[in-house]
Every structure is written in structure tokens, then in C-alpha cells.
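Enquirer: The sequence and its predicted three-dimensional model are supplied below.
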Amino acid sequence: MAARLFEGKVHAAAYLRYRITPHEFISKIMDYMKKKTPNQLNLAVDVGCGSGQGTIPFAPFFTRVVGTDVSPAQLEMARTNSNPPNVSYRQCPAEELPFASGEVDLVTAMTAAHWFDRQRFLLEADRVLRPGGCLALLFCSPAMVKLKYGDVSNTLNDICQEFYAALLPFFSPYLGLSLTRDQVKIYKDIYNSCSYLEKEWHDCFPVKRIVPLTGYTGMLKTIHGYQKLQETDPAEAERLLNDIQNRLLSAMKASSPDTEVTMIFPCHYLLAHKPL
């Protein structure tokens with residue numbers, strides 16, 4: 001059974017505001033598709049689309065783009081975006097996609113597939129993909145982000161690791177004991193389970209974003225371990241977030257939380273091509 005999280009309205013709003021749009025990954029997907037299946041870009045389906053950051057950027061490339069998610073709150077947020085006319089959203093589980101067999105050119109999921117029933121999802125993706133269609137999965141967890149700022153980057157990242165360690169008891173056991181190692185292993189297992197002969201695995205593809213420090217701490221609010229702590233003990237969640245922000249500012253010798261830092265995401269992804 002797939003895990004269900006990220007379904008509260010406040011959480012969905014934070015997702016929309018703070019989660020990044022993975023333009024670099026989308027470029028990798030489109031380069032791959034142009035090599036494997038040129039001129040067949042009718043329907044892309046973004047599974048577990050959340051608030052739509054990874055859905056909308058496909059609009060220039062496909063005749064139709066559909067984002068699917070199990071959460072009504074996430075889809076409500078997605079629909080508040082300035083969506084192009086060829087982008088729409090559907091509520092459904094990742095393992096039960098509302099498309100005909102062989103209808104879809106691309107099935108993708110952006111940092112979502114680790115929550116799916118993975119074997120059922122792979123079977124469903126194979127069902128809806130047309131012969132020659134592509135599967136593309138990205139894993140780019142906020143808990144893997146490194147901060148870069150002057151000569152204190154190592155200090156900042158040590159502070160961040162303490163924050164993640166404090167959240168560890170609140171993370172879903174569905175993901176294993178390690179916030180990063182076990183989750184990456186999930187994606188490698190999906191890659192190994194994919195029956196397509198033409199497939200690629202890419203490790204630690206770096207994505208960089210320059211944001212105010214509040215952009216980083218805002219993103220931390222979207223982590224499901226933080227959301228669980230907030231449900232359990234709102235005062236402690238706020239204290240922990242304020243503490244990390246103050247410690248980061250102190251290490252940076254900065255006073256304003258709008259001071260810019262560089263976030264570096266080590267992303268992992270797989271690409272696969274269904275046989276003709």
C-alpha cells in the first residue's frame with residue numbers, strides 16, 4: 001500500500017511556495033525523449049504532482065499535460081498556479097492512473113515515487129505508456145540539500161545535519177532509517193525492477209538555487225518529518241526552526257534572514273524507454 005502524506009492545506013501551500021521547479025531534470029527528460037521518441041509528444045503525465053512545480057514546465061513540449069495526485073489539497077494549490085490551457089489535474093492514486101492502455105507518451109514523478117506502491121506503480125506506468133514511451137523518475141529530497149556561503153559552508157551543513165537528526169524520530173518508517181541512503185536505494189531498486197532494456201541511472205546530478213535563508217527554512221517546513229513534529233508539538237517545531245535559522249545566521253555573521261545562500265541539491269534520476 002502506498003503511503004499518504006502531504007495532504008493538509010497548510011502543507012500544500014508551503015509546497016507551492018517553497019519547493020523548487022526542477023527545470024534541469026525536465027531538460028534531461030526532453031533530451032532523452034527527443035533521442036528515443038522524436039515527434040511523439042502528445043500526453044505527459046506527472047504522477048504525485050503535488051502543487052504542480054514539475055507539471056507546468058512540460059506544457060511547451062506536449063499537446064497535453066496532466067498532473068495526478070492523491071491529495072485534494074495539493075491539487076487545489078496546483079490549480080491556483082497560472083496553468084497553461086493544455087495543463088490539467090486529476091485526483092487518483094499513482095497505482096490507478098485514469099488513462100487508457102498505451103495512451104501516454106511520458107510518465108514522470110518528481111521526488112514522489114518513494115511513496116508509491118512501487119511494483120504496482122511500475123505495472124501501471126507500463127500499462128498506460130505507449131510502445132516507445134518513456135518513464136522518468138527524479139529523487140531530490142530537501143533533506144539532502146547542502147548550503148554554500150563563503151568559507152562557512154561546512155559549519156552551515158553541520159547545523160543542518162543536527163536539524164535533520166532532531167526530526168529523525170518523526171520520519172515515516174516507510175522510508176527506512178536513513179533520510180538519504182535508504183531513499184536513494186528505493187530509487188535504485190525501482191531502476192533494477194524496471195523491465196525495460198533501455199534505461200539509465202544517474203547519481204548526484206547537482207541542482208543549484210540561490211535563495212534567501214528564509215527560502216531554505218521555508219523549504220524545511222515542507223519535509224514530512226517536520227510536519228509530523230508540528231502536528232505532535234507545534235511549539236517545539238517552531239522552536240526548532242527558529243533555532244536553526246538563528247544558528248545559521250550566527251555562523252554566516254549575518255543579521256537578516258533575507259541574506260542569500262546557495263542551496264545545492266544532489267539529485268538522482270532514472271530514465272527508461274518502453275520497447276516498441
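Expert: Perfect, thanks for sending it. Numbers count the residues shown, from 1 in each chain.
Enquirer: Please enumerate the helices of this protein.
Expert: For the chain, applying DSSP state H gives helices covering 9-18, 23-36, 72-79, 118-128, 153-167, 181-193, 213-220, 224-232, 234-252.
Enquirer: and the gap between residue 260 and residue 157?
Expert: Residue 260 sits at a distance of 17 Å from residue 157 (criterion: Cβ to Cβ, to the nearest Å). In short, each C-beta sits where N, CA and C put it, glycine included.
Enquirer: Likewise for residue 144?
Expert: Residue 144 is 11 Å from residue 157, where distance means Cβ to Cβ.
Enquirer: So between those two, which is more surrounded?
Expert: Between residue 144 and residue 157, counting by other Cβ atoms under 10 Å, residue 144 is the more crowded of the two (19 against 15).
Enquirer: my guess is the more buried one contacts residue 265, does it?
Expert: Yes - contact criterion Cβ atoms under 8 Å: residue 144 and residue 265 qualify, at 6.5 Å.
Enquirer: The helices of the chain into CSV, with extra columns for mean pLDDT and distance to residue 85?
Expert: Shown next, in CSV, are the helices of the chain (pLDDT from 0 to 100; distance: least, Cβ to Cβ, whole Å):
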stretch, mean pLDDT, distance to residue 85
helix 9-18, 61, 20
helix 23-36, 93, 19
helix 72-79, 90, 13
helix 118-128, 97, 23
helix 153-167, 93, 40
helix 181-193, 88, 33
helix 213-220, 92, 30
helix 224-232, 86, 33
helix 234-252, 95, 39
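Enquirer: so which of these gets nearest residue 47?
Expert: Smallest distance to residue 47 across the helices of the chain (Cβ to Cβ): 7.5 Å, for helix 118-128.
Enquirer: Was I right to think residue 56 contacts residue 83?
Expert: Yes - at 6.2 Å, residue 56 counts as touching residue 83 under the criterion of Cβ under 8 Å.
Enquirer: Tell me the pLDDT of residue 180.
Expert: Looking at residue 180, its pLDDT stands at 62.
Enquirer: of residue 56 and residue 83, who's got more company?
Expert: A direct count of neighbours by other Cβ under 10 Å for residue 56 and residue 83 places residue 56 higher, at 21 against 17.
Enquirer: check contacts around that one.
Expert: Applying Cβ atoms under 8 Å, 6 or more residues apart in numbering to residue 56 gives the contacts 21, 65, 81, 83, 84, 87.
Enquirer: Okay, and the beta partners of the last one?
Expert: When bridges are called by DSSP bridges, residue 87 pairs up with residue 65.
Enquirer: my guess is it meets residue 62, correct?
Expert: No - contact between residue 87 and residue 62 fails when scored by Cβ under 8 Å: they sit 9.2 Å apart.
Enquirer: In space, what's closest to the spatially most central residue of the chain - neighbours in sequence excluded?
Expert: Nearest residue to the geometric centre of the chain (Cα atoms, centre = their mean): residue 111, 2.8 Å. If the residues on either side of it in the chain are set aside, residue 111 comes closest to residue 140, at 5.1 Å by Cβ to Cβ, 6 or more residues apart in numbering.
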